[in-house]
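Enquirer: coords below, sequence missing:
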């Protein structure tokens with residue numbers, strides 16, 4: 001089915017998240033109580049909730065979004081190009097509001113899709129949950145409650161690689177390697193995002209990392225279709 005979808009009708013995306021506070025001891029007592037319960041289910045070892053707090057960013061109830069990068073494939077006179085744009089900042093509600101406006105505009109045309117790696121398990125529900133928490137209206141394409149799987153306009157490069165094997169997880173980095181796609185992991189990886197954000201205070205570095213992931217997701221889908229990847233010279237940033 002995914003081969004029948006026009007590549008220009010797909011919005012590729014990736015998000016970067018961090019724990020809501022820099023350190024466990026900065027949580028309110030009530031927040032600590034809830035995190036302690038969550039942490040107890042995350043490990044069978046003797047790690048404390050404080051030691052596990054670095055993982056809080058992957059849960060929408062305990063983390064927040066600091067960057068959403070999106071990209072579209074565009075047709076050029078010679079080959080394909082890629083246009084990328086990022087929504088980022090310290091104000092999550094503003095970030096999500098701006099992203100929702102763009103998403104509503106993009107999906108106004110018929111037969112549009114969102115694509116991410118492990119997006120159905122992580123990116124799409126995380127964005128939706130954080131929008132609700134922040135009081136941001138969900139764009140129609142994210143209103144999936146009660147819909148049948150084939151009615152949801154999500155593509156997931158991890159799911160496409162599974163071929164029905166629900167136990168199999170393959171990282172974007174590994175798939176980029178085996179498909180000979182320039183790796184996005186040439187600076188930081190996901191486990192370092194919180195440290196770069198809170199300790200280095202280098203949001204721009206995180207945005208660059210996120211944009212590389214978005215490009216790689218698009219390149220991977222092209223390779224799934226046995227198409228050539230996009231050349232570096234044909235990658236551009238969207239004007240604000």
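Expert: Alright, I've got the coordinates. A quick note: this is a predicted structure, and the numbers were derived from the prediction, not measured.

Enquirer: Only C-alpha atoms from now on, for both contacts and neighbour counts.
Expert: Will do.

Enquirer: Can you tell me the element the spatially most distant residue from the centre of the chain falls in?
Expert: Centroid-distance maximum for the chain: residue 46 at 30.9 Å, with Cα atoms, centre = their mean. Assigned by DSSP states H and E, residue 46 belongs to neither a helix nor a strand.

Enquirer: And the strands in this structure?
Expert: Ranges of strands within the chain are 10-19, 63-75, 80-88, 113-116, 154-156, 235-237, based on DSSP state E.

Enquirer: Make JSON lines from those and add distance to residue 37 and mean pLDDT to it.
Expert: Output for the strands of the chain, formatted as JSON lines (distance: least, Cα to Cα, whole Å; pLDDT from 0 to 100):
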{"stretch": "strand 10-19", "distance to residue 37": "16", "mean pLDDT": "97"}
{"stretch": "strand 63-75", "distance to residue 37": "15", "mean pLDDT": "96"}
{"stretch": "strand 80-88", "distance to residue 37": "30", "mean pLDDT": "96"}
{"stretch": "strand 113-116", "distance to residue 37": "30", "mean pLDDT": "96"}
{"stretch": "strand 154-156", "distance to residue 37": "31", "mean pLDDT": "95"}
{"stretch": "strand 235-237", "distance to residue 37": "43", "mean pLDDT": "90"}
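
Enquirer: and of these, who's closest to residue 189?
Expert: Ranking the strands of the chain by proximity to residue 189 (Cα to Cα) places strand 10-19 first, at 10.4 Å.

Enquirer: orientation of the closest one relative to strand 80-88 in degrees?
Expert: Interaxial angle of strand 10-19 relative to strand 80-88 (axes from the mean of the first three to the mean of the last three Cα atoms, to 10 degrees): 30 degrees.

Enquirer: Which neighbouring elements make contact with strand 10-19?
Expert: strand 63-75, strand 113-116, helix 193-195, helix 203-224 (3 or more Cα pairs under 8 Å, 6 or more residues apart in numbering; DSSP states H and E).
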